[in-house]
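In: Mind folding the following:
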Amino acid sequence: MKRRGKGALPALHVRVDLVPGVSFGPGKADLLQGIAETGSIAAAGRRLGMSYKRAWSLVETLNRMFRAPLVSATKGGLSGGGAVLTPEGEAVLARYRAIQARVAAAAAEELAALHAAAADRR
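Out: The predicted structure is shown next:
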């Protein structure tokens, strides 16, 4: 999982506007993927360089964005807390990643041409 804005260039970022004011993009997808991989909202947030509060806020937003929650979290304590993607969360993440892959494949030639025409400003 890579933080937005880093990685191979040229880069294309896909954001899906679901309804006015409600969008799903690379940041939310990366947070879901991090939760799936680490079993922790805090750990997923740390991977992305975001605060615990910000990660939790995004999870709450994600859980309200869809008809069913995308993340199921358990409170900490002696046995520790944790978080997992619900089946809906897994499906949303998979669909978004499929959209990303299709968009990247469809735009590869044009992105390469733009990259070749861009000035190296390092």
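In: all strands for the chain, in order.
Out: 16-19, 22-24, 71-74, 82-85 (DSSP state E).
In: Give me the distance between the first one and the centre of its chain.
Out: Computed by C-alpha atoms, centre = their mean, to the nearest Å, the chain-centroid distance of strand 16-19 equals 14 Å.
In: go on, the last one?
Out: Put simply, strand 82-85 sits 15 Å off its chain's centre (C-alpha atoms, centre = their mean).
In: Likewise for the third one?
Out: Averaging C-alpha positions (C-alpha atoms, centre = their mean) puts strand 71-74 17 Å from its chain's average.
In: From the contact counts, what lies against it?
Out: The contact analysis (3 or more C-beta pairs under 8 Å, 6 or more residues apart in numbering; DSSP states H and E) places strand 71-74 against helix 52-65, strand 82-85. The C-beta positions use only the backbone N, C-alpha and C, and glycine is treated the same way.
In: switch the cut-off to 6 Å
Out: Helices and strands touching strand 71-74, by 3 or more C-beta pairs under 6 Å, 6 or more residues apart in numbering; DSSP states H and E, are strand 82-85.
In: which parts of the strand it packs on are buried?
Out: 82-83, 85 (16 or more other C-beta atoms under 10 Å).
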